[in-house]
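Visitor: here's my sequence, what's the structure:
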Amino acid sequence: MQGAAAIEQIESMLAPSAGRQRAFRAADQLRWRNCLDMLLANLALAAFNRIDPERFVAVSFNANDYTGTPYSSVVLKRIRDGLASLGLVEGQRGYRHTRDGVVKHARRTRLRATDKLRTFFADCGITRASIGWHERRDIIILRQANSQAGGEPKEITASRATLLEQNAWLSRAEISLPADGWSRVSARYFANDKDPEERLVAGEESTQLYRIFKGDWQSGGRLYGGWWINLPKVERQSLTIDGEPVVERDYARLHPTLLFARCGQTLDWDIYTVPGIVGPEVRELGKRTFNRLINRTSASPLRLTATGLDRTQLPEGIRFSDYVAAFTTQLGPVAKWFGSGEGLRLQREDSDLALAVLARLLSANILALPVHDSFLVARHHEDQLVDAMRQAFKARYGFVPEIR
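Guide: Okay, the predicted model is just below:
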């Protein structure tokens, strides 16, 4: 109710800037209200961001983005300009740089609530709980499709049923992180604001999952959209599902295990460590190095350039090039996939596996929160989770994996 009253007040404030001499037709009035509701909800959500309430909201004013929707770029522009004239929003206009008909760089308009609008929200009793969540995107997305991609394969279409059922369960569940957890996440975010791993969804609103493929239907396919996915692993242990603490289990060394299995070998040792190279962070360095080797597409896959983080995690006195050489020597059987971009195709495999695990759990009336190759469930469902992970894997690959 507070939200509806607030929208009506803003609407009356905007009336002089609506740009009309006569009353709206019913359809136009509905479109105006939809746009105002959507824009205010996003501005409020950013203002209530648990980590960075000064963040901007990226808003598209491209007419093509609203074709077939109850929104209008023209109406959004009028509302944006009206709110700005009232001192309720601030930001930067977007731009689109093209050269020879090709977009070289573009950025959407960025908006945020001013102190005046934040005070208005507070005076109206608007809180995070006042904001509803509506995700309009398709749950199966193919980005940057190449010319050979073709239509959506039957097995991917079939995965929609599991994803829709999973999302229905998620919409009814209460997934929470304690306040002290958010404080730690916030501190971590500002300490690492240049680190792409720290791009977090700062709130519990986004729970609906979707699959993203890249280029073709055999590349990618992982699940995204759940706000818990970008939480640091250490903080995920503090999550609760419907008030109950969670437990997280994952497949140990999943991508390396799958590659070695292709070569007819069982991976029963830790490939992320190198004999003779010892340090508190060398295993994390090994994981990241493996991912770089398997994800890049290069004729010289072993010529990796050391990043600042690489140098920090590498023990003193060891050159990065020597480390990479030693690291890859022990991976001889699977080195043929380095520089091939096989990582995206492995993501297709692990996403199919994740959906198989979720389907088994849903059939047992158990909700799991997926994080690519790991899963969180309420603590009393731990045994069922481990069993579902083992059975789903064995059904696909013929052997029982290591579960951590």
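Visitor: which parts of this structure are strands?
Guide: 57-59, 89-92, 95-99, 102-107, 109-113, 140-143, 175-176, 210-214, 220-224, 240-241, 244-250, 369-371, 374-378 (DSSP state E).
Visitor: so what strands line up beside the first one?
Guide: Sheet pairing of strand 57-59 (DSSP bridges) gives strand 109-113 (antiparallel).
Visitor: how's this protein carved up into domains?
Guide: The record's domain parsing of the chain by automatic domain parsing lists 2-130, 142-255+343-397.
Visitor: just name the most buried of those.
Guide: Mean neighbours per residue, mean count of other C-beta atoms under 10 Å, is largest over those for domain 142-255+343-397, with a mean of 17. Every C-beta, even on glycine, is put in place using the N, C-alpha and C of the backbone.
Visitor: what mean pLDDT does that one get?
Guide: Averaging the model's pLDDT scores along domain 142-255+343-397 yields 91.
Visitor: and the nearest residue to L86 once chain neighbours are set aside, what's its pLDDT?
Guide: By the measure of C-beta to C-beta, 6 or more residues apart in numbering, the closest residue to L86 outside its immediate chain neighbours is M13, 5.9 Å from it. Taken from the predicted model, the pLDDT recorded for M13 is 92.
Visitor: pretty sure M13 contacts I79?
Guide: No: under the contact definition of C-beta atoms under 8 Å, M13 does not touch I79, with a separation of 11.0 Å.
Visitor: returning to that earlier point: columns distance to P315 on top of the domains of the chain, output as CSV?
Guide: Putting the domains of the chain into CSV (distance: least, C-beta to C-beta, whole Å) gives the following:
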stretch, distance to P315
domain 2-130, 33
domain 142-255+343-397, 22
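Visitor: tell me which of those domains sits nearest to T297.
Guide: Taking C-beta to C-beta, domain 142-255+343-397 is the member of those nearest to T297, at 9.6 Å.
Visitor: ok, C35 to S72 distance?
Guide: Computed with C-beta to C-beta, to the nearest Å, the distance linking C35 and S72 is 6 Å.
Visitor: what's the answer for R303, then?
Guide: In this view, R303 and S72 are 51 Å apart by C-beta to C-beta.
Visitor: same check on G94?
Guide: Per C-beta to C-beta, G94 is found 17 Å from S72.
Visitor: with I212 instead?
Guide: Separation of I212 from S72 (C-beta to C-beta) stands at 28 Å.
Visitor: ok, L385 next?
Guide: 46 Å.
Visitor: just A168 next, same as before
Guide: Taken as C-beta to C-beta, the spacing of A168 relative to S72 amounts to 30 Å.
Visitor: swap in M38?
Guide: For M38 relative to S72 (C-beta to C-beta), the value is 11 Å.
Visitor: now E402
Guide: Going from E402 to S72 by C-beta to C-beta gives 54 Å.
Visitor: retrieve the pLDDT associated with Q21.
Guide: For Q21, the pLDDT comes out at 48.
Visitor: which residues in this structure form helices?
Guide: Taking DSSP state H to define them, one finds helices in the chain at 2-14, 26-47, 73-85, 115-123, 154-172, 179-191, 233-236, 254-262, 282-295, 308-313, 320-329, 342-363, 382-397.
Visitor: now for the ones you listed, which one comes closest to G276?
Guide: helix 320-329 (7.7 Å).
Visitor: that closest one versus helix 282-295: what angle between them?
Guide: Angle of helix 320-329 versus helix 282-295, following axes from the mean of the first three to the mean of the last three C-alpha atoms, to 10 degrees, is 80 degrees.
Visitor: looking at it, S300 is touching G339, isn't it?
Guide: Yes: between S300 and G339 there is a contact at 7.2 Å, judged by C-beta under 8 Å.
Visitor: who has more neighbours out of the two?
Guide: G339 (18 against 9; other C-beta atoms under 10 Å).
Visitor: for the more buried one, list the residues it contacts.
Guide: The neighbours of G339, taking C-beta atoms under 8 Å, 6 or more residues apart in numbering as the test, are 293, 296-302.
Visitor: so can I have a markdown table of those residues showing pLDDT?
Guide: Converted to a markdown table, those look like this (pLDDT from 0 to 100):
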| residue | pLDDT |
| --- | --- |
| L293 | 94 |
| R296 | 89 |
| T297 | 89 |
| S298 | 83 |
| A299 | 74 |
| S300 | 80 |
| P301 | 72 |
| L302 | 76 |
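Visitor: those into CSV, with extra columns for distance to L369?
Guide: As requested, these are arranged in CSV below (distance: C-beta to C-beta, whole Å):
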residue, distance to L369
L293, 29
R296, 30
T297, 32
S298, 35
A299, 40
S300, 39
P301, 34
L302, 37
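Visitor: top of those by number of neighbours, please.
Guide: Highest neighbour count within the contacts of G339: L293, with 24 neighbours (other C-beta under 10 Å).
Visitor: what sits closest to it if chain neighbours are left out?
Guide: Computed as C-beta to C-beta, 6+ apart, the closest residue to L293 that is not its neighbour in sequence is F338, at 4.4 Å.
Visitor: any idea how far that neighbour lies from S176?
Guide: As it turns out, when the distance is counted by C-beta to C-beta, F338 lies 41 Å from S176.
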